[in-house]
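A.B. asks: sequence and computational prediction follow.
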Amino acid sequence: MEFTDQIRALAKRVQKMKDSILTEEATKTSVIMPFFQALNYDVFNPEEFLPEFIADVGIKKGEKVDYAIIQDKKPIILIEAKSIQEQLTKHDSQLFRYFGTSNAKFAILTNGIIYRFYTDLEEQNKMDTTPFFEFNLFDIRDHQISELSKFKKDNFNVESINTTAAELKYTNEIKRYLKEQWDNPTDEFVSVILTDVYPGKKTRQVIEKFNGIVKRSLKEFVNDILNDKLQSALANTNSEQIVNKEVAATIETLTEEKPEIVTTQEELEGYITVRILLKDIISPDRVNYRDNLSYLNILLDNNIRKWICRLYLNNASKSIQLNDDDKTTIALQDISDLIFHKEKIVQTA
């Protein structure tokens with residue numbers, strides 16, 4: 001089985017049993033060890049994958065790290081494992097102490113779902129406070145699979161990873177910053193944007209006036225890019241089948257004695273966006289839609305009983321309702337906001 005398939009298969013397995021994993025030990029044996037097995041490490045060979053590696057910290061002797069990956073009889077990667085039910089934020093300092101007492105070049109903090117990779121970019125032999133790479137088993141991106149594969153036993157090379165670590169770290173920081181600006185553009189960000197588009201003096205009043213315009217422009221820009229890619233994808237894959245299904249759905253709607261239902265361009269964009277978000281786990285031709293007066297139903301296998309989500313886009317207040325246990329409803333400012341809820345949509349599907 002290919003590495004990508006192994007990781008995705010593990011993700012599906014963990015998704016199904018995560019609610020039954022209640023302790024740290026259960027997390028280690030049922031999730032974390034299989035994860036490193038997928039990276040080709042022999043998790044039952046202590047010369048390669050050593051549990052409870054001793055890392056003396058100052059006057060504290062016998063402090064133990066959950067696992068150490070050994071290379072040439074020396075620890076090269078330290079792994080601190082937490083329960084799948086725990087958040088990771090409060091544990092960084094513990095791994096920070098361990099890292100400084102060993103020869104390890106990398107450290108991984110994980111709860112079985114999220115894997116945070118650290119090194120010493122800022123100061124040699126001192127673990128950075130920010131991970132240079134984060135892998136989420138429940139939100140797998142193709143480019144992340146490529147980065148993760150560098151940690152496979154047969155691919156592992158310290159120099160090669162270090163070369164890309166700094167770029168990865170700052171790429172993630174830039175993406176985080178852009179996400180913040182997407183949600184709430186700061187005055188400084190708006191001012192930078194206005195430098196090349198507004199010839200007048202950028203007073204506070206002007207910046208406040210343009211804040212909403214910049215925010216809307218960002219969303220429309222991303223929407224345009226997404227639409228171009230979706231239209232290209234539809235033109236090249238399954239377009240005839242998609243059109244036939246949409247025609248069939250339209251005919252079915254027209255033959256029923258109901259008020260006229262018009263599927264808007266925005267609803268079609270929402271439907272196509274959901275198809276794209278699900279493409280890694282469900283074949284696009286299995287994702288269909290059925291329009292209603294008040295919402296657009298997105299279905300699996302064109303089965304009304306297997307609806308994935310409902311898009312409410314015809315009013316001033318836009319939202320998506322998920323077919324999960326709580327029938328979760330999420331407000332949307334723009335249809336492109338769907339991409340920020342990929343994980344929840346995937347879990348529901």
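C.D. replies: Looks like it came in fine.
A.B. asks: buried stuff in the helix or strand harbouring residue 190?
C.D. replies: Using DSSP states H and E, the element containing residue 190 is helix 187-194. Buried positions in helix 187-194, judged by neighbour count with 16 or more other Cβ atoms under 10 Å: 189-191, 193-194. For every residue, glycine as well, the C-beta is placed using N, CA and C.
A.B. asks: then stretch 190-209?
C.D. replies: Neighbour counts over stretch 190-209 (16+ other Cβ under 10 Å) mark 190-191, 193-194, 198, 207 as buried.
A.B. asks: now, which of those residues sits nearest residue 125?
C.D. replies: Residue 125 has its nearest neighbour among those in residue 191, at 40.2 Å by Cβ to Cβ.
A.B. asks: give me the three-state assignment for the closest residue to that closest one other than its chain neighbours.
C.D. replies: Leaving aside its sequence neighbours, residue 191 sits nearest to residue 202 (Cβ to Cβ, 6 or more residues apart in numbering; 5.4 Å). With DSSP: H, G, I helix; E, B strand; the rest coil as the basis, residue 202 sits in coil.
A.B. asks: show me which pair in the buried residues of helix 187-194 is furthest apart.
C.D. replies: So, the buried residues of helix 187-194 by Cβ to Cβ: farthest apart are 189 and 194, at 9.8 Å.
A.B. asks: which one is the spatially most central residue of the chain nearest to, not counting chain neighbours?
C.D. replies: For the chain, the residue sitting closest to the mean C-alpha position, by Cα atoms, centre = their mean, is residue 139 at 3.6 Å. Among residues not flanking residue 139 along the chain, residue 343 sits closest, at 4.6 Å (Cβ to Cβ, 6+ apart).
A.B. asks: how deep is that neighbour tucked in, by neighbour count?
C.D. replies: Counted with other Cβ atoms under 10 Å, the neighbours of residue 343 add up to 13.
A.B. asks: am I right that it falls within a helix?
C.D. replies: Yes. The assignment for residue 343 by three-state DSSP puts it in a helix.
A.B. asks: hmm, it is touching residue 140, no?
C.D. replies: No. The criterion here is Cβ atoms under 8 Å, and residue 343 misses it with residue 140 at 9.9 Å.
A.B. asks: buried set for the one helix or strand residue 181 maps to?
C.D. replies: In the assignment (DSSP H and E), residue 181 maps to helix 158-183. Within helix 158-183, the residues that qualify as buried are 161, 165, 168-169, 181, counting by 16+ other Cβ under 10 Å.
A.B. asks: okay but the residue nearest to the centre of the chain is in contact with residue 340, surely?
C.D. replies: No. Here residue 139 does not reach residue 340: they are 10.9 Å apart, not a contact under Cβ under 8 Å.
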